[in-house]
Each structure stands twice: as C-alpha cells, then as structure tokens.
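K.L.:
quick one, fold the following:
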Amino acid sequence: MPVRLRPFALLARLDRPIGIWLLFLPGLWSILLAGAGVWFSLYLIVLFGIGAAVMRAAGCTVNDLWDRKLDRLVARTAGRPLASGALSVPQALGFLVGLLVAGLVILLLLDRTAQILGVVSLVLVALYPAAKRVTFWPQMMLGFTFGWGAPMGYAAAHGSLDWPVLPLYAATILWILGYDTIYAHQDREDDAMAGIKSTALKFGADTRRFLIVCYGGAIGLLLVAFIIAGLRPLGIVALAAPAALLAWQIVRLDIDDPVRCLALFKLNRDVGLLVALAVLLGR
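P.N.:
I've put the predicted structure just below:
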C-alpha cells in the first residue's frame with residue numbers, strides 16, 4: 001500500500017480483519033435464519049460483508065478520536081495513528097466522513113426497516129468509546145453495537161422484525177460480552193493505571209465463571225431462536241460444534257497470558273462460522 005495511505009489503513013484496522021468478521025457474523029446468522037431466497041440472501045451477505053468492513057473502520061476511527069490521549073498510556077495502543085501523531089484529527093474526521101458516506105450508500109440499498117435500524121446503530125457506535133470511562137461494562141455496550149447486525153440482517157432479509165430476532169440478538173450480546181472480556185485481559189494492567197474500566201478488571205480471577213454464564217447463555221438463546229424459527233433438528237444438533245469451541249476457550253483461558261487471550265479471542269471467528277453452518281443445516 002502507498003506510504004501515505006498506510007496510516008489510514010491502520011486507523012481502519014485493516015491489518016486486523018478479525019474485527020470485520022466479528023461485526024459481520026451476527027448479520028450473517030440473521031440473514032440465513034430469515035430463510036429468504038438463495039440469491040437474495042447471497043446479495044445481502046455481500047452487502048453486509050462490505051458494510052461490516054466500512055462500519056468497523058468508522059467505529060475504530062470514532063474510538064481512536066475519543067481515546068487518542070488514553071491510547072498513549074497503553075502499550076498495545078500507543079502506536080495507533082492518532083495516538084502516535086501519524087494522522088491529525090482533521091485527517092481522521094475527513095476519513096470518517098468518507099466512511100459514513102460509503103455506509104449510507106450501502107444502507108440505501110436495503111429496505112426501510114433495515115435503514116431505520118442502520119441509522120439507530122450510529123448512536124451505539126458514537127456512545128461505545130465513552131462507556132469505558134463511566135462503567136466497568138463497556139463490553140456490554142460493544143455487545144449491543146457489534147450485535148446490531150442481527151436485527152438489521154433479519155429485517156433486510158425478512159422485510160420486518162419477528163420473534164426469532166429477540167433471542168438471537170440477546171445471544172450475540174452475551175457472546176460478544178464473553179469474547180471481549182477475554183480480549184480486555186491483554187490490557188488489564190495498563191487500563192487500570194489509565195483509569196479505563198472493563199469487565200476484565202471487574203471480574204479478574206473470576207473471569208472463567210463469568211464466561212460460563214455468558215457463553216452458556218449465548219448457546220441457550222441460540223437454541224431458543226432456532227426453535228422459534230422452526231429449524232430442523234440437524235441444525236440444533238450442529239450447535240454442539242460452536243458450543244465446544246466456546247467451552248475450549250473457558251478451559252484454556254489464562255488471564256495472565258496476553259498471547260493466549262488474543263488467540264482465544266480470535267477463535268470466535270470460527271465459532272461464528274460454525275453457528276452460521278448450524279443455521280444452514282437447520283434450514
């Protein structure tokens with residue numbers, strides 16, 4: 001990539017595509033769960049994939065604008081373009097405007113209900129960076145934000161919201177709450193010194209028990225969503241695969257090993273793809 005564009009790519013976290021996957025997957029689940037036609041579903045999946053890349057970049061930009069001073073105090077984030085001075089605030093704002101315009105173009109290709117939900121999501125994107133300053137539950141706020149693709153995807157595919165969306169969205173929130181708590185353990189000590197709050201700091205050594213509640217609840221709620229949506233038993237049985245990967249994360253967790261925490265966090269891409277496969281088998 002041209003040298004002048006690299007700071008923008010780093011601001012968008014293009015070097016770390018796991019975030020795009022995790023934003024995309026709840027939308028993928030709901031599109032498949034809605035059971036629209038094959039070609040329309042593929043069309044929506046492509047749109048949501050592009051939208052996930054664009055809006056994840058926008059979210060990272062908003063987050064880094066909020067946190068540019070705090071990021072300088074945390075070893076893992078000190079090299080981010082705004083924290084390091086590689087980009088100025090006006091440059092980041094211009095980049096953000098371009099991303100939001102691209103997101104708007106994608107949004108206009110969806111139906112009215114999905115468009116309304118997409119506009120509402122901007123409030124969540126804007127509020128998330130503030131959560132870590134006022135509560136030990138910013139991971140919950142991230143759950144509401146990253147999981148928003150579940151109601152949006154269902155509305156885009158089905159034309160409206162329906163009962164399966166409620167347990168599906170709740171499942172995504174618990175799933176995200178769990179995996180982002182694992183992720184936050186990488187920065188636990190730096191966050192404490194910088195005054196940043198997180199569920200990693202709140203639960204500390206009790207994180208494993210917390211994950212049992214989060215991941216167990218997520219699988220249980222996915223099961224409810226599958227049943228309400230009328231999926232076949234094969235899909236319900238297939239939930240055992242992502243459940244096993246979640247259990248593996250709980251067993252292997254070492255909150256004092258940042259490298260392992262990152263690896264377990266990244267494993268959630270595969271968890272999400274296995275849930276999508278379970279929906280397909282159920283359909």
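K.L.:
contacting residues around the closest residue to Leu262 other than its chain neighbours?
P.N.:
The spatial neighbour of Leu262 that comes closest, neighbours along the chain excluded (Cβ to Cβ, 6 or more residues apart in numbering), is Gln186 at 6.2 Å. Using the backbone N, CA and C atoms, a C-beta is placed for each residue, glycine as well. For Gln186, the residues meeting the contact criterion (Cβ atoms under 8 Å, 6 or more residues apart in numbering) are Arg76, Pro258, Cys261, Leu262.
K.L.:
so, low pLDDT: which residues of the stretch 101-250 of the chain?
P.N.:
Low-confidence segments of the stretch 101-250 of the chain, defined by pLDDT under 70, are located at 190, 192-194.
K.L.:
repeat that with 80
P.N.:
Low-confidence segments of the stretch 101-250 of the chain, defined by pLDDT under 80, span residues 125-134, 187-196.
K.L.:
ranges for the helices of it?
P.N.:
Defined through DSSP state H, counting those that start in this stretch, the helices belonging to the stretch 101-250 of the chain, from first to last, are 112-134, 138-146, 149-158, 165-184, 188-194, 199-203, 207-228, 233-238, 240-252.
K.L.:
tell me the most buried of those helices?
P.N.:
Taking mean count of other Cβ atoms under 10 Å as the contact definition, the stretch among the helices of the stretch 101-250 of the chain with the greatest mean neighbour count is helix 149-158, which reaches a mean of 27.
K.L.:
before we move on, the earlier item: and the helices of the stretch 101-250 of the chain as a markdown table, adding distance to Leu93?
P.N.:
Formatted as a markdown table, these follow (distance: least, Cβ to Cβ, whole Å):
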| stretch | distance to Leu93 |
| --- | --- |
| helix 112-134 | 13 |
| helix 138-146 | 20 |
| helix 149-158 | 25 |
| helix 165-184 | 26 |
| helix 188-194 | 24 |
| helix 199-203 | 30 |
| helix 207-228 | 35 |
| helix 233-238 | 45 |
| helix 240-252 | 37 |
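K.L.:
coming back round to it: buried only: go through the contacts of Gln186 for me.
P.N.:
Buried members of the contacts of Gln186, counted by 16 or more other Cβ atoms under 10 Å: Pro258, Cys261, Leu262.
K.L.:
these two touch, right, the second one and Asp254?
P.N.:
Looking back up the chat, that one is Cys261. Yes: with contact defined as Cβ atoms under 8 Å, Cys261 and Asp254 form a contacting pair (7.5 Å).
K.L.:
for Ser41, which non-adjacent residue is spatially closest?
P.N.:
Counting by Cβ to Cβ, 6+ apart, Ile31 is the residue found nearest to Ser41 once chain neighbours are left out, at 5.5 Å.
K.L.:
what's the neighbour count on the one you found?
P.N.:
Counted with other Cβ atoms under 10 Å, residues neighbouring Ile31 total 28.
K.L.:
just the CA trace of whichever strand or helix holds it, in CSV.
P.N.:
Using DSSP states H and E, the secondary-structure element containing Ile31 is helix 18-34. As requested, the backbone C-alpha atoms of helix 18-34 are provided in CSV (Å, rounded to 0.1, in the frame of the first residue of the first chain):
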residue,chain,number,x,y,z
ILE,A,18,-10.9,-10.3,12.9
GLY,A,19,-12.9,-7.2,13.9
ILE,A,20,-14.6,-7.2,10.4
TRP,A,21,-15.5,-10.9,10.9
LEU,A,22,-17.0,-10.4,14.3
LEU,A,23,-19.1,-7.4,13.2
PHE,A,24,-20.3,-9.3,10.1
LEU,A,25,-21.2,-12.7,11.7
PRO,A,26,-24.4,-11.7,13.6
GLY,A,27,-25.8,-10.3,10.3
LEU,A,28,-24.8,-13.5,8.5
TRP,A,29,-26.7,-15.5,11.2
SER,A,30,-29.8,-13.5,10.9
ILE,A,31,-29.9,-13.4,7.1
LEU,A,32,-29.6,-17.2,7.0
LEU,A,33,-32.2,-17.6,9.8
ALA,A,34,-34.7,-15.4,8.0
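K.L.:
next structured bit after it?
P.N.:
Elements were assigned by DSSP H and E; along the chain past helix 18-34, the next helix or strand is helix 38-71.
K.L.:
just checking, what packs against that next one?
P.N.:
Counting contacts by 3 or more Cβ pairs under 8 Å, 6 or more residues apart in numbering; DSSP states H and E, helix 38-71 packs against helix 6-11, helix 18-34, helix 81-84, helix 89-107, helix 112-134, helix 149-158.
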